[in-house]
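Enquirer: fold the following, please.
(one chain, ligands or ions: 2)
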Amino acid sequence: MKALHFGAGNIGRGFIGLILQQSGFEVTFADINEKVIEELNYRKEYQVEIADTTHETFIVTGVQGIHSQKEPEKLFHAMTEADLITTAVGPSVLRYLAPTLAEGLRRRAKKTRRPLSIIACENMVRGTSKFQAFIQEHLSSEEQIALQSNVHFLDAAVDRIVPIQENEDPLFVVVEPYYEWVIETKDSFSNQLSIPQAIFVDDLQPYIERKLYTVNTGHAAAAYLGYKKGYKWVAEAMKDEEILKTTKNVLNETGYILTKTYQLDEREHQKYMNKILSRFCNPYLPDDIVRIARSPIRKLQPDDRLVAPAIKCLELKIDPIHLAYVIASVLKYDYKGDPEAQEMQAYIQEHGIEKAIQRYTGISENSRLFHLIRKHI
Ligand SMILES: NC(=O)c1ccc[n+]([C@@H]2O[C@H](COP(=O)([O-])OP(=O)(O)OC[C@H]3O[C@@H](n4cnc5c(N)ncnc54)[C@H](O)[C@@H]3O)[C@@H](O)[C@H]2O)c1
Ligand SMILES: O=P(O)(O)OC[C@@H](O)[C@@H](O)[C@H](O)[C@H](O)CO
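Expert: Ligands and ions are numbered 1, 2, ... in the order given. Purely as a prediction, here's the structure:
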């Protein structure tokens, strides 16, 4: 079995590549980072270290790299050969990958009818479905119909904390021990995909929302509050009583909507939340707050980790006061190295905070959430 993975970054190498290789796939990475591609092709392997007392190391062998912009023919060939295509490039990049994917699928269809699964492993709800819609914009309706029988788009949730790597070796990656990969199987075909370490479910919605609104909402709370107080590492921020308390309060708000919406067992969910809080404190995994807080405009979107659960809280008749506080903190995020933070601050300077709340969160000024956020600024 062959897998083509777009994005040989932290999660790509530290999670998807490792799991796929352990599942028996021959893994090819496609990326735009020349150094990484060069090293993958030269060494054909890389190391993944587990960040705990064991420092267990895995060697991911038999890998290769393709520069996805400079080597289109090689890329289309790899797409034709692939049984599985995955991505971990960042949600905003999917739109730009779509024309390449459409062309690759068109060429693949002329050569083979072998089944192909496509999975976007990004932190977003129904990322693969959104990727599919972008790809379809570049295919005729006849081409879309022709692909339906053998190309399967599977939504997924991925969870493993992989910080920015500061190693001399550009391929070496240190990851936390925990991982979870949940894949939605809508039909019998998707069951043919053999990834023993993944969990296959009929309905992804509870899993992706539980992950995004617990791991990523909690992470965002700790990161934006930590940034305001001048901390560098998330584990450092978690030692601050005030930040820990707010992060827990935020998780109680999202926990309320998750347990109510999906009838989750409250005690089990409390255990899940505790596990997540302990993951943020891993002393063996230095994770920079500015990585977790990256792309604040994306994180403020109405379907992302902060605004979506806050809206659901209001629907369930509770005031998301702690989520509103974190949203207000995101609007104050001004890290110079983050283009979205700079764009957002420039907009606030020019148009004021009220307009910014509406523009970035999609919340109208008559909404209760608007006032809860405004109160904190
Ligand atoms: N790091 C984590 O802890 C983690 C965990 C779960 C999910 N995720 C998600 O995985 C995705 C990637 O995150 P990451 O932390 O690995 O980021 P990253 O920056 O380390 O990796 C992204 C990779 O994509 C490559 N890339 C960018 N544009 C590309 C293009 N047009 N074609 C091919 N490659 C391209 C980059 O060069 C980079 O190597 C994000 O959606 C993130 O939310 C990350
Ligand atoms: O990748 P982002 O920017 O969506 O979110 C930052 C972190 O919260 C995220 O990368 C987590 O580390 C990851 O989702 C853990 O599974």
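Enquirer: neighbours around residue 53, how many?
Expert: By other Cβ atoms under 10 Å, the residues close to residue 53 number 9. C-beta: built from backbone N, CA, C; applies to glycine.
Enquirer: nearest residue to whichever residue of the stretch 1-150 of the chain sits closest to ligand 2 in space, please, no chain neighbours.
Expert: Ligand 2 sits closest to residue 123 of the stretch 1-150 of the chain, with a gap of 3.5 Å, by Cβ to the nearest ligand atom. In space, and not counting its chain neighbours, residue 123 is closest to residue 216: 5.8 Å by Cβ to Cβ, 6 or more residues apart in numbering.
Enquirer: so that neighbour sits against residue 305, correct?
Expert: Yes: Residue 216 is within contact range of residue 305, at 4.3 Å (criterion: Cβ atoms under 8 Å).
Enquirer: longest helix anywhere in this structure?
Expert: helix 241-262 (DSSP state H).
Enquirer: helix, strand, or coil at residue 216?
Expert: Secondary structure assignment for residue 216 (DSSP: H, G, I helix; E, B strand; the rest coil): helix.
Enquirer: number of nearby residues for it?
Expert: Residue 216: 20 neighbours (other Cβ under 10 Å).
Enquirer: what pLDDT is listed against it?
Expert: For residue 216, the pLDDT comes out at 98.
Enquirer: do the same with residue 191
Expert: 60.
Enquirer: equivalent analysis for the one 3 residues further on, please.
Expert: Per-residue confidence at residue 194 stands at 91 (pLDDT).
Enquirer: now swap in the one 4 residues further on and tell me
Expert: Note on residue 198: pLDDT of 96.
Enquirer: which non-adjacent residue is nearest it?
Expert: In this structure, residue 198 finds its nearest non-sequential neighbour in residue 181, 4.2 Å apart by Cβ to Cβ, 6+ apart.
Enquirer: need the contact list for that neighbour.
Expert: 15, 19, 121, 156-159, 195, 197-199 (Cβ atoms under 8 Å, 6 or more residues apart in numbering).
Enquirer: related to what we said a few turns ago, which neighbours do residue 216 and residue 305 share?
Expert: Common neighbours of residue 216 and residue 305 (Cβ under 8 Å, 6+ apart) are residue 123.
Enquirer: and ligand 1, which of the contacts of residue 181 reach it?
Expert: Of the residues in the contacts of residue 181, proximity to ligand 1 by Cβ under 6 Å from any ligand atom holds for residue 158.
Enquirer: tell me the one of the contacts of residue 181 nearest residue 330?
Expert: residue 159 (21.5 Å; Cβ to Cβ).
Enquirer: any idea how far the closest one is from residue 195?
Expert: Separation of residue 159 from residue 195 (Cβ to Cβ, to the nearest Å): 15 Å.
Enquirer: kind regards, and thank you for your time.
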